[in-house]
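[1] Have a look at this fold, sequence not included:
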Ligand code: HEM
């Protein structure tokens, strides 16, 4: 289950808590029930977020050297920060992603997606296959993020490669050669971020003005580029794929009997791009009646929590608006709850509104395939064609 937490295992029978060893023999306490996942997320003092960005495959000295050569550091900043500095850093980032700023991007995004959908519809009409990941979803979140937060002037492809390399380096089971290659890729872009952090405007300037160190500025930009935009393009792809198998939902969208916002929430519940998220027990504690030793790695199975029958009426079915649909934990909860939730929701709503009709009458030529990863689903492609 540990590295394919979205696969068949998510619907199997599980105890509320399960100790699962990973590929290097480290035990993790996997939490499967919604109420227990929520309890952990709500208490960052007992269950600290410090291990959020720890590499699940320990980095060998050679890879650490490569990273050190690029002066790579990820100090406690946002998701991995249980220190007193977290609220102030979070407040600056939240300001940049304020709902009013997010809403202001909607017309621009709608125009862009509409243009792309028209082009893709023409290709489908001509009998050609189209890749809804590469040609529609992959770069949209990055393009929007760049309008909200000033980013280094780097080609979209380079940022995407870096972000995917980081998700693999820190969350995938890997051999040493691969770790070295990924460390070089991540390190290279980290240097770009470090240069930008000292001089860049927008969020970088706001963090500097608030007195935060260059390491914090780099850490915040790193996390936004990795977890902020990549997750959303993953989600858009997974949601569109899911909708190909949900004709009744698409019909409801067409007639207006199904609300787009409800489709997005049901998508987050059933197809979350972040399937697990980690915490570490800060002290000896008890969870669901089980003793947990200080230092235990706790893996919160967000994808499974979204299918808890105690919360959702029909856990395995895609029924927008059903009871419990919105109570998913795809964005986490509590002090570290996702700051980009509004942005991700807006982007998904635009894409569903504009692109759902593209899926009528298509067949899936190549479904999204995701490599093994503890936390992130990283679809590689999603190809459809008419007929
Ligand atoms: C569908 C897309 C997304 C999903 C499923 C998602 C999910 C998550 C999750 C599970 C967490 C950890 C929450 C916790 O520890 O309780 C998180 C944190 C975070 N997310 Fe997202 N996220 C998404 C998109 C975004 C976007 C678009 C941005 C910004 C551009 C963003 C920025 C952040 C930040 C800054 C944090 C750290 C918050 C903190 O520690 O205070 N996320 N996200």
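    Good, I have the coordinates. Worth saying up front: this structure is predicted, and the values here are computed from it rather than measured.
[2] Now residue 197: closest residue in space that isn't a chain neighbour?
    residue 217 (3.9 Å; Cβ to Cβ, 6 or more residues apart in numbering). Backbone N, C-alpha and C define where each C-beta goes, glycine included.
[3] check contacts around that neighbour.
    Contact analysis of residue 217 by Cβ atoms under 8 Å, 6 or more residues apart in numbering lists 197, 198, 204, 207, 208.
[4] what about 6 Å?
    Taking Cβ atoms under 6 Å, 6 or more residues apart in numbering, we find residue 217 in contact with 197, 204, 207.
[5] Am I right that the second one is in contact with residue 197?
    Yes. A contact is recorded between residue 204 and residue 197 when judged using Cβ atoms under 6 Å, the distance being 5.4 Å.
[6] before we move on, the earlier item: restricted to strands, list the contacts of residue 217.
    Secondary structure assignment by DSSP state E places none of the contacts of residue 217 in strands.
[7] now, among the residues you listed, which is nearest to the ligand?
    Nearest to the ligand among these, counting by Cβ to the nearest ligand atom, is residue 207 at 12.3 Å.
[8] can you pull out the helices in the stretch 201-350 of the chain?
    202-209, 214-223, 230-244, 247-255, 260-270, 302-305, 341-355 (DSSP state H, counting those that start in this stretch).
[9] Could you take the ones you listed and lay them out as a markdown table, with extra columns for distance to residue 294 and mean pLDDT?
    Formatted as a markdown table, these follow (distance: least, Cβ to Cβ, whole Å; pLDDT from 0 to 100):
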| stretch | distance to residue 294 | mean pLDDT |
| --- | --- | --- |
| helix 202-209 | 32 | 96 |
| helix 214-223 | 26 | 94 |
| helix 230-244 | 30 | 98 |
| helix 247-255 | 46 | 98 |
| helix 260-270 | 32 | 98 |
| helix 302-305 | 24 | 98 |
| helix 341-355 | 31 | 98 |
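[10] Highest mean neighbour count out of these?
    Sort the helices of the stretch 201-350 of the chain by mean neighbour count, taking mean count of other Cβ atoms under 10 Å, and helix 302-305 sits at the top with a mean of 26.
[11] Counting by contacts, list what that helix packs against.
    Packing partners of helix 302-305 (3 or more Cβ pairs under 6 Å, 6 or more residues apart in numbering; DSSP states H and E): none among the helices and strands.
[12] Residue numbers of the stretch 51-200 of the chain in contact with the ligand?
    Proximity of the stretch 51-200 of the chain to the ligand, by Cβ under 6 Å from any ligand atom, involves residues 78, 79, 90, 93, 97, 141, 145.
[13] Quick one: the strands in the stretch 251-387 of the chain, in order.
    Per DSSP state E, counting those that start in this stretch, the stretch 251-387 of the chain carries strands over the ranges 276-281, 285-287, 290-292, 297-301, 362-366, 383-386.
[14] CSV for those strands, including mean pLDDT, mean neighbour count and distance to residue 84?
    Shown next, in CSV, are these (pLDDT from 0 to 100; neighbours: other Cβ atoms under 10 Å; distance: least, Cβ to Cβ, whole Å):
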stretch, mean pLDDT, mean neighbour count, distance to residue 84
strand 276-281, 98, 23, 18
strand 285-287, 98, 15, 22
strand 290-292, 98, 14, 25
strand 297-301, 98, 23, 23
strand 362-366, 98, 14, 48
strand 383-386, 98, 18, 49
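[15] Kindly reformat those as JSON lines containing distance to residue 175.
    Output for the strands of the stretch 251-387 of the chain, formatted as JSON lines (distance: least, Cβ to Cβ, whole Å):
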{"stretch": "strand 276-281", "distance to residue 175": "22"}
{"stretch": "strand 285-287", "distance to residue 175": "34"}
{"stretch": "strand 290-292", "distance to residue 175": "31"}
{"stretch": "strand 297-301", "distance to residue 175": "21"}
{"stretch": "strand 362-366", "distance to residue 175": "27"}
{"stretch": "strand 383-386", "distance to residue 175": "29"}
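[16] If we ignore the residues flanking it in sequence, what's nearest residue 270?
    Nearest residue to residue 270, sequence neighbours excluded (Cβ to Cβ, 6+ apart): residue 318, at 5.9 Å.
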